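*Asks:* Build the 3D model from these lines:
(2 chains, ligands or ions: 3)
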Amino acid sequence: MTSDTGTIRFILNDRSVALDDVGATTTLLDHLRLARRLTGTKEGCAEGDCGACTVLVGRLAGDELVYEGVNACIRFVGSLHATHVVTVEHLAAKDGALHPVQQAMVDYHGSQCGFCTPGFVMSLYGLWLSKDRPGRADIEKALQGNLCRCTGYEPIVRAAEAVAEARPDAVFDPILAMRARVKTELKAMKTGATIAVGEGRRLVVPGTVEALAEVLDSHPQATIVAGSTDVGLWVTKQMREIAPVVFINGLDALQTIEETPEGVTLGAGVSYSAAYPLLSRLYPAFGRLIDRIGGDQVRNMGTIGGNVANGSPIGDTPPALIALGATLTLRSKKGSRSLPLQNFFIQYGRQDRQPGEFVESLFIPALAPDAHFSVYKISKRRDEDISALCGAFHLRLDADGKVKTLSIAFGGMAGTPKRASQTEAAMIGRLWTEETVALGQAALAKDFQPLTDWRASAAYRNLAAANLLTRFYLETRGEGCELTRFEGAA
Amino acid sequence: MLTNERRQVGRAMPRIDAPLKVTGRAAYAAEHSEPDMLHGAAVSATIARGRILEIDSRAAKAAFPGIAAIYTHENRPNAAWLDRSWQDETAPPGHTYRPLQNDRVLFDGQPVAFVVADSFENARDAAAMITVRYEVETPETDLTTKLAERYVPPKKRSGISPPPDPRGQPEEAFKEAHFRISGDYLIENEHHNPMELFATTVLYGADGVLAIHDKTQGSQNVQKFVCNVFSLSQDKVNVINAYVGGAFGSGLRPRHQLFFAVMASLDLKRSVKFEIARSDMFYLSYRPAMYQTVSLGADAQGRLTAVLHDTVQVTSRYEDYQEVVVNWSGLAYRCDNVALTYALTKLDAATPGDMRAPGAASGLFALESAMDELSYEVGIDPLELRRRNFVHFDQNENKQLTSKALRACYREGAARFGWERRQAKPRSMHEGHELIGWGMATGIWEAQLQSAKARVRMSANGQVIVQAAASDIGTGTYTILAQIAAEALDVPAEDVSVQIGQSDLPETSVEGGSWTAASSGSAVDAACLAIRQRLLDMAQKDDASPLKDATVEEVVIRDGHLRLDTDPRAGVAISELMARAGETAIEEEGKAGPDAKQMKSFASYTHSAVFVEVRVDEELGLARVTRVVSAVAAGRILNPKTARSQILGGVVMGLGMALHEESMIDHRSGRIMNHNLAEYHVPAHADIQDIDVHFVQEFDDKASPIGVKGLGEIGVCGVAAAVANAIFHATGKRIRHLPITIDKILGETVGKAA
Ligand SMILES: Cc1cc2nc3c(=O)[nH]c(=O)nc-3n(C[C@@H](O)[C@@H](O)[C@H](O)COP(=O)(O)OP(=O)(O)OC[C@H]3O[C@@H](n4cnc5c(N)ncnc54)[C@H](O)[C@@H]3O)c2cc1C
Ligand code: FES
Ligand code: FES
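*Replies:* Numbering: from 1, shown residues only, chains lettered A, B, ... in the order given. Ligands and ions are numbered 1, 2, ... in the order given. Just a heads-up that it's a prediction; the model follows:
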């Protein structure tokens, strides 16, 4: 490793920050509230669910400066190198004049007890920066990750609509005002050098993918942290000791998105938000699924690579990826290897990842023009909830209307995301009819013996899985039956 | 009544505290600091019942030299001995739980040790290193296995009416009724989950005076509690709750974070802050689970001939927590044969607490579901059934009502909803794959007045200051008090400065039960009246004054003048009056409280009619509420904006109650499994679609001096039943167990695979 430094640098509102003794798992929220006494950013849950801690984080994407809302409570300070953190304190003008999104929250009564308010304000500000005339669906999406227990939400939506309709000028908009300066400073911080903080390299920010491979080779027990939307909770909820920690969110080489006629290759560090435009164009059902993972804050931080690497049986992307026939590429100092994603999940809590290896990329084959692909997520609460089960279906018929290829995968039905091989076998080669679907449903029991937990009972899961198969069948027959929320909204 | 109906009151004024909130400058309990202060963290029990055998904190002490103290039951500083000293204004009868009192574990999550250290991180990490050994006893946490051990609480909780005696011949009337329905209803524990975490910051003054920033609904309730428990005089304790990030009842009783922070601060003579984690909030308080049975009998026309409502409700081993659950069934509709019974059963759990519309939200779920069942039995529209049984009298108490515009709620609510287009038969309305259901319910809540004082100061230059120990827990107290003073004194509301949320201000009871607007509002109004009287006295010192013979009712304050109401040209400038008297300002106190004479012959309630549309995806058991109309009769509306949002928030909480909210307890260990916002589902924005709040005209000159009835609770009342009724209408499936989750809708019988 060359030219190591031991300092995490970022910009906080209008000040440059350099930290050389930051804890491996110090959260941005604790840093703001405790060390900086910036208490405008609130803690409502410390696990990414409520959005009270929403702040914007700006980063360089190529030459562009991109600001995204994130949950400060599960974002580690070590992952902030070369970013611009913007909190609610930065939003109003120096003379106290409110930013238009703040003024709208006042005018439309979007704040009652006020505790959720700074988080909503920051989400609305994120939307203000990223979209000129957001529609109802954009607004809904932008507010998905914020909970309010007082207002019933509607006044907040009205505030957002008012700002969207007649976008007033914010002459003092703090981010627009300092864009040039921020860009220059962030570029200067992004040296490509590896940063190691603390004794025994408890916190490492590798400057390159090679450096990452190197660090993992010498510290195979290190925890890789991408978006920290899983790892953050291990720390704040389970109080797990995870050092040494290796932050990979700043590695441009893992952020690549490549489209070829054969399919799509996503770098392991690509966030849900970054993958969304392409995935929703090529695999629309996948796009709708992503809309229901967390809120914007989680989608801005969380990565598909992390969702896969985490290996949870109820992660939402593996069923879809398995059904699409995705392959995973792992890399280490020794080199790279690829394997079908379905083989990666060995059993509950165990994946085929060797010490020193990290996920480098995912390849998703293109959909054939005649393919049917659907994925259904079922959760108790529609948004911001973990699946009770999630089923993905990928079908091609031959010229006679018989099942040529079929891959079905479920999450929430077994200890890992799992392919329904017996079900598929019962249906392949047969005419795509209700009778065939019934054969498939009968075979589901051979593939899955789900458990009862607080999300759903085993009986529910069995029944709902069978009903999803019917639903997929009906959809291929042209019957739309996904629950929609508003006209035109996802 | 207020003498001046123009301008301020009734105006949809934005909240005066909103700019502070949107900029993050409003400081909540945990956000007051001092350099070098101490931070606390608790160790929570991991069993629900048993004994602490050993607490080992050696490793923590060794690892964290910054620890100032670790408190356990073995070394806790002394606190009051008598139960009485621990009982706050709102406490139920029993032996109040005292943190670190002894080695007993009474409920899951009970704090068993408290660490104080030089930083929050150190306190938290040290607490995590403390290990506790327990002798575990088998906990009982399942209400349904403890129904037989029911008992009627021997001592009633202050302010909570026990069920009235039976009237008529309920059993016989039920047996002989033309139509009969009977059903059992179960509700699981629900948690308040305000967005702000419970926190207390104690700033230890040089003179030993404590400035306590606490998340509470009543600063003076907390002040008294602290004084009693720690034997302090009131002048040593100042409690501040200037901004409260929601509470919904959870902040009525002093919570253990307060006790710990004050205890450590007094012991160490340092400032101490203690904020509890979201997961620990679940152990503090909850709307209690209950098992209800409702039987209704009706004649051939659907007129009620018998109402029987029985409830067994959860409480802790150590307190008899009580709510008004069944009484509503004796006063909602006309019926002469009524039996209402209410019992408790003890579980190994913390004491439940008041949560938005305590008792009514739960009791009305059963009653209004049963009314819906009866409507199908009788074969008439559910709304028509309620109309037929309308009563303008409180048969429980034998009292007149101060007002009841519920018929207008039915009429106007139904019109806005389009109820007349409803097809009566269940499962008859659908669109594509979705079944559509329309359901409705009645909501009732008591309109109460509590004693409250307020001080108003008016300066010669028109500046007005309002002071009261009232709280604003998100309800808009700051704003409406400003509006009331502004109107009475005829100044722009923006010129009124409202100082509330502090224990050294004029006495006010806790904020709860929807009584703050009526009570503190009336007190402010009374103070303004006293100011007018003072000004009139000053004016009448001048024999030539045109106001010489006027009474206080005949004068008004207009544009900085005291004027004759009938002849506004006759008047005198207030600045001149004050100058003459050598004053720069006038200050008066006002008082409000229940009128005992009136309460003898009148009862007062707020009412609502709630209409709900659900859409159900039957094969997956998914239900969503697509439309709600809530038509409310609540007397005078002070500010349509704050009023509307109170109802909206209540409706949404009702939707949570109906579809999502419950604590899931592992009854083998007695522990709550879903103590976080990921698995305890409060409604998110996607769960909410079109909610129409409508206030019907209701004139009431008896409920409170300013005609206000209060709005904090009525919004949630009836909502859960309306949703359950709509789900029945959509699916033909009657679900009597809240929340109505996906597996209950799918059930074993429905959902054939095609
Ligand atoms: C509020 C909230 C809501 C959520 N909702 C959903 C949901 O609806 N559906 C759903 O599926 N998930 C949900 N999640 C979890 C989801 O965000 C994560 O699974 C996410 O995709 C993980 O990505 P990450 O980048 O945040 O991973 P991290 O948390 O950084 O890491 C997750 C795991 O992957 C490992 N890892 C990460 N990157 C690599 C790599 N390149 N190579 C090897 N190992 C790696 C880490 O070491 C760790 O074990 C939610 C999370 C939150 C906080
Ligand atoms: S504090 Fe709730 S999301 Fe961060
Ligand atoms: S205003 Fe209280 S939580 Fe949103």
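*Asks:* Tell me the secondary structure of B:Ser279, please.
*Replies:* On the three-state scheme (DSSP: H, G, I helix; E, B strand; the rest coil), B:Ser279 is labelled helix.
*Asks:* now do B:Glu420
*Replies:* With three-state DSSP as the basis, B:Glu420 sits in helix.
*Asks:* in the stretch 301-450 of chain A, what residue is nearest ligand 1?
*Replies:* Ranking the residues of the stretch 301-450 of chain A by distance to ligand 1 (Cβ to the nearest ligand atom) places A:Gly306 first, at 2.2 Å. C-beta here means a position set from N, CA and C on the backbone, and glycine is covered the same way.
*Asks:* care to break chain A down by domain?
*Replies:* Domain assignment for chain A, taken from automatic domain parsing, gives A:4-89+A:178-247, A:100-171, A:372-486.
*Asks:* List the contacts of stretch A:302-309.
*Replies:* The contact list for stretch A:302-309 (Cβ atoms under 8 Å, 6 or more residues apart in numbering or on different chains) reads A:224, A:226-227, A:229-230, A:254, A:266-272, A:275, A:293-294, A:315-318, A:321, A:328, A:341, A:344, A:351, A:353, A:358-359, A:361-362.
*Asks:* The one helix or strand B:Val610 maps to and chain A, are they touching?
*Replies:* If you go by DSSP states H and E, B:Val610 is part of strand B:605-617. Yes: if you take Cβ under 8 Å from any Cβ of the partner chain as the test, strand B:605-617 does meet chain A, through B:Arg615, B:Asp617.
*Asks:* Can you give me the buried ones in the helix ranked longest in chain A?
*Replies:* Longest helix in chain A, counting residues (DSSP state H): helix A:458-476. In terms of neighbour count (16 or more other Cβ atoms under 10 Å in any protein chain shown), helix A:458-476 has its buried residues at A:460-475.
*Asks:* which of the residues in stretch B:733-751 are buried?
*Replies:* B:733, B:735-736, B:738-747, B:751.
*Asks:* if we can go back for a sec, give me the subset of the contacts of stretch A:302-309 that also touch ligand 1.
*Replies:* Among the contacts of stretch A:302-309, the residues that sit close to ligand 1 (Cβ under 6 Å from any ligand atom) are A:Ile224, A:Ala226, A:Gly227, A:Thr229, A:Asp230, A:Ala268, A:Ile293, A:Gly294, A:Gly315, A:Asp316, A:Phe358, A:Val359.
*Asks:* any idea how far the first one is from B:Trp438?
*Replies:* Taken as Cβ to Cβ, to the nearest Å, the spacing of A:Ile224 relative to B:Trp438 amounts to 52 Å.
*Asks:* With B:Val202 instead?
*Replies:* Computed as Cβ to Cβ, the B:Val202 to B:Trp438 distance reads 53 Å.
*Asks:* Please identify which of these two sits among more neighbours.
*Replies:* Neighbours were tallied for B:Val202 and for B:Trp438 using other Cβ atoms under 10 Å in any protein chain shown; the higher tally belongs to B:Val202 (31 against 22).
*Asks:* isn't the more buried one right next to B:Leu210, touching?
*Replies:* Yes: applying Cβ atoms under 8 Å, one finds B:Val202 in contact with B:Leu210, separated by 5.5 Å.
*Asks:* Double-check that B:Ile712 belongs to a helix.
*Replies:* Wrong residue type there; residue B:712 is Gly, not Ile. No: read with three-state DSSP, B:Gly712 is coil and lies in no helix.
*Asks:* and the residue lying closest to it once chain neighbours are set aside, what pLDDT?
*Replies:* Excluding its sequence neighbours, the residue lying closest to B:Gly712 (Cβ to Cβ, 6 or more residues apart in numbering or on different chains) is B:Ser514, at 3.8 Å. Here, the pLDDT recorded for B:Ser514 equals 70.
*Asks:* Do you have the helices of the stretch 501-650 of chain B handy? List them.
*Replies:* Secondary structure of the stretch 501-650 of chain B by DSSP state H, counting those that start in this stretch: the helices cover B:516-540, B:574-581, B:596-601, B:640-659.
*Asks:* okay, the angle between the helix or strand containing B:Ala722 and strand B:605-617?
*Replies:* Here B:Ala722 sits within helix B:719-731, counting by DSSP H and E. Here the directions of helix B:719-731 and strand B:605-617 differ by 30 degrees (axes from the mean of the first three to the mean of the last three Cα atoms, to 10 degrees).
*Asks:* The following helix or strand past helix B:719-731 packs against which elements?
*Replies:* As assigned by DSSP H and E, the chain's next helix or strand after helix B:719-731 is strand B:737-738. Contacts defined by 3 or more Cβ pairs under 8 Å, 6 or more residues apart in numbering or on different chains; DSSP states H and E place strand B:737-738 against strand B:179-187.
*Asks:* which helices and strands does the strand it packs on pack with?
*Replies:* When contacts are defined as 3+ Cβ pairs under 8 Å, 6+ apart, strand B:179-187 sits against strand B:290-298, helix B:360-378, strand B:737-738.
*Asks:* contacting residues around B:Gly439?
*Replies:* B:372, B:382, B:611-612, B:614, B:721-729.
*Asks:* Swap in 7 Å and give it another go.
*Replies:* B:Asp372, B:Val612, B:Ala722, B:Val723, B:Asn725, B:Ala726, B:Phe728, B:His729 (Cβ atoms under 7 Å, 6 or more residues apart in numbering or on different chains).
*Asks:* Report the spatially nearest residue to B:Glu54, omitting neighbours in sequence.
*Replies:* Per Cβ to Cβ, 6+ apart, closest to B:Glu54 is B:Arg133, 4.4 Å.
*Asks:* Just to be sure, the one you found is in a strand?
*Replies:* Yes: B:Arg133: assigned to a strand according to three-state DSSP.
*Asks:* doesn't B:Gly50 make contact with it?
*Replies:* No: contact criterion Cβ atoms under 7 Å: B:Arg133 and B:Gly50 do not qualify, at 10.2 Å.
*Asks:* Pull out the buried positions in the helix or strand of chain A with the lowest mean pLDDT.
*Replies:* When the helices and strands of chain A are compared on mean pLDDT, DSSP states H and E, helix A:174-177 comes out lowest with a mean of 86. When burial is assessed from 16+ other Cβ under 10 Å, helix A:174-177 yields the following buried residues: A:Pro174, A:Ile175.
*Asks:* hmm, who's touching whichever helix or strand comes after that helix?
*Replies:* Later in the chain than helix A:174-177, the nearest helix or strand by DSSP H and E is helix A:179-189. Residues outside helix A:179-189 that contact it (Cβ under 7 Å, 6+ apart): A:Arg9, A:Ile11, A:Ser16, A:Gly58, A:Leu60, A:Leu65, A:His81, A:Ala82, A:His84.
*Asks:* Ranking by neighbours, what's the top pick from these?
*Replies:* That'd be A:His84 among those, by other Cβ under 10 Å, with 27 neighbours.
*Asks:* before we move on, the earlier item: overlap in contacts of B:Val202 and B:Leu210?
*Replies:* Common neighbours of B:Val202 and B:Leu210, using Cβ under 7 Å, 6+ apart, are B:Val262, B:Ser265.
*Asks:* so the helix holding B:Ala722 versus helix B:360-378, what angle?
*Replies:* 30 degrees.
*Asks:* Next, report how far helix B:719-731 is displaced from the centre of its chain.
*Replies:* Centroid separation for helix B:719-731 versus its chain: 24 Å, with Cα atoms, centre = their mean, to the nearest Å.
*Asks:* Having no further points to raise, I will conclude here.
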